[in-house]
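Participant: Sharing a sequence plus its predicted fold:
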Amino acid sequence: MKVKIIGCICFVVIAFAISCQSDERIEFNRYYSNGSTVYQAKCQNCHGIKGDGLQSFIPPLTDSLYLKNNKKTLACLLKNGLKGKVIINNKAFDGEMLPSGLTPLEIAQVLTYVTNSFGNKAATSTVETVNADLAKCN
Amino acid sequence: MKKLIYAATIILLISACKSNNSTLPIYGNKKPVTKTVNGKQVTDTIYQTIPDFKFVNQYGDTITGKNLDGKIYVADFFFTTCPTICPVMHRNMLPVYNEFKSNPDFRIISHSIDPKYDTVPVLKKYADKMGLSGNTWWLLHGDKDATYTIAKSYLTSVQEKNPQGNYVHDGYFILIDKQKRIRGTYMGTDPAEVEKMTADIKTLMAEPDQNPTK
């Protein structure tokens, strides 16, 4: 009897966990696949199909540590562009990225895509977190 | 007997393929010219050639058509601040540069179509960032009108194929032989076309016409 009850509880807990995860997963997948489309249209020409950049001219998007350390300002970089020196993968880049002209939702989608492609792994960037980050842009 | 016919057909097909592969076509305008040689009438075809020009490269050196005498080269048009197709074109051009950079008879010339911004120091900086050294790949600064004039002669065959395009900024790579004739045009934004260009450059380098015996 006891075993049955414990079994039932376990089943409920596991089922709950799976369904929760799959909701998150669905959200992630939606952001990620839309982000892939945004990336192809707006980023890929310069940053490349594999996110490997272009020599010392355009920085790659493979520096997971940079992405992690600048998590809160990535949305601002996409909104306002970036000018001046940045160190990516221990290499200095000194160029200019123009403002992307993307909406907050598109920024969230493409950030989800980039921070989970090219060897990067991070949480979903939702439109809520992006809007909060954008409110704090310099 | 049947087997023999099959075998003959296969051999014929293979040899047909081979002869197709051994030379590249010659593009551009052509006109027949009739000359009298030793009292006989001989008709020759004169192919369009790239006219002489005078530009400055990323090192500040003057580059004219003479500097390309005896060279097989690829030409394209770009500008350093172009956010659209230029990074793709030059990303695709890099393997071509790396493949042939040790060949003294090969050049790549990229004409800037924004001479106001792309001054010699700007071009040098771009070359450095792209990791270009030596004289294989020249980035050329010149008068805008002169650049567009030379573009017209490079892109004649592109225009024939695609009369609606904005040729100068459509991302074409143009392959020129040692006689300054147009031997191929390739979409520089398409890695598959650029691979074909690399193969064509090797074919061209092997043509007897490109290896005059001295």
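Facilitator: That came in fine, so what should we check first? Numbers count the residues shown, from 1 in each chain, chains lettered A, B, ... in the order given.
Participant: Could you work out the end-to-end span of stretch B:179-188 for me?
Facilitator: 23 Å (Cα to Cα, to the nearest Å).
Participant: if we look at it, which residues are touching it?
Facilitator: B:24-28, B:47-50, B:65, B:68, B:76, B:85, B:88-89, B:92-93, B:154-158, B:161, B:170-177, B:193-194, B:196-197, B:200, B:204, B:209 (Cβ atoms under 8 Å, 6 or more residues apart in numbering or on different chains). Using the backbone N, CA and C atoms, a C-beta is placed for each residue, glycine as well.
Participant: Now that stretch: buried residues?
Facilitator: Using 16 or more other Cβ atoms under 10 Å in any protein chain shown as the test for burial, stretch B:179-188 gives B:180, B:181, B:182, B:183, B:184, B:185, B:186, B:187, B:188.
Participant: What is the most widely separated pair among these?
Facilitator: Greatest spacing in the buried residues of stretch B:179-188, by Cβ to Cβ: B:180 and B:187 (22.3 Å).
Participant: Next, check the buried residues of stretch B:179-188 against the strands and list the overlap.
Facilitator: Judged by DSSP state E, the buried residues of stretch B:179-188 include B:182, B:183, B:184, B:185, B:186, B:187 as members of strands.
Participant: which among these gets closest to chain A?
Facilitator: Each of those was checked against chain A using Cβ to the nearest Cβ; the closest is residue B:187, at 14.3 Å.
Participant: got the residues of chain B near chain A?
Facilitator: Residues of chain B lying near chain A by Cβ under 8 Å from any Cβ of the partner chain: B:83-85, B:87-88, B:90-91, B:94, B:126, B:128-131.
Participant: are any of these buried, and which?
Facilitator: Buried, going by 16+ other Cβ under 10 Å: B:85, B:87, B:88, B:90, B:91, B:94, B:126, B:129, B:130, out of these.
Participant: Where do the strands of chain A begin and end?
Facilitator: For chain A, the strands defined by DSSP E cover A:82-88, A:91-97.
Participant: what's the distance between residue B:50 and residue B:177?
Facilitator: 10 Å (Cβ to Cβ, to the nearest Å).
Participant: do residue A:107 as well
Facilitator: 49 Å.
Participant: More neighbours: these two, which one.
Facilitator: Just comparing residue A:107 and residue B:177: by other Cβ atoms under 10 Å in any protein chain shown the higher neighbour count belongs to residue A:107, 25 against 22.
Participant: pretty sure the more buried one is touching residue A:79, no?
Facilitator: Yes: using Cβ atoms under 8 Å, residue A:107 is in contact with residue A:79, at 6.7 Å.
Participant: just for chain A, where's the confidence low?
Facilitator: Scanning chain A for pLDDT under 70 picks out A:1, A:8, A:10, A:12-13, A:15-21.
Participant: residues from it in reach of chain B?
Facilitator: Looking at chain B, the residues of chain A close enough under Cβ under 8 Å from any Cβ are A:45, A:46, A:48, A:54, A:55, A:56, A:57, A:58, A:95, A:98.
Participant: thought the fifth one was touching residue B:131?
Facilitator: Yes: the pair formed by residue A:55 and residue B:131 meets the contact definition of Cβ under 8 Å, at 4.8 Å.
Participant: Give me the common contacts of the two.
Facilitator: The contact sets of residue A:55 and residue B:131 overlap at residue B:94 (Cβ under 8 Å, 6+ apart).
Participant: Please give me every residue in contact with the spatially closest residue to residue A:85 that is not a sequence neighbour.
Facilitator: When the adjacent residues along the chain are set aside, residue A:85 lies closest to residue A:94, with 4.7 Å between them (Cβ to Cβ, 6 or more residues apart in numbering or on different chains). Counting by Cβ under 8 Å, 6+ apart, residue A:94 makes contact with A:84, A:85, A:86.
Participant: Show me which of those residues is closest to residue A:69.
Facilitator: residue A:86 (11.7 Å).
Participant: For the chain, which segments count as helices?
Facilitator: All of this is about chain A. A:2-42, A:44-47, A:64-69, A:74-80, A:104-114, A:127-135 (DSSP state H).
Participant: wrong one, I was asking about chain B
Facilitator: Listed in chain order, the helices of chain B (DSSP H) span B:2-22, B:86-100, B:120-130, B:144-154, B:156-161, B:191-206.
Participant: so for stretch B:86-95, what's the average pLDDT?
Facilitator: For stretch B:86-95, mean pLDDT rounds to 95.
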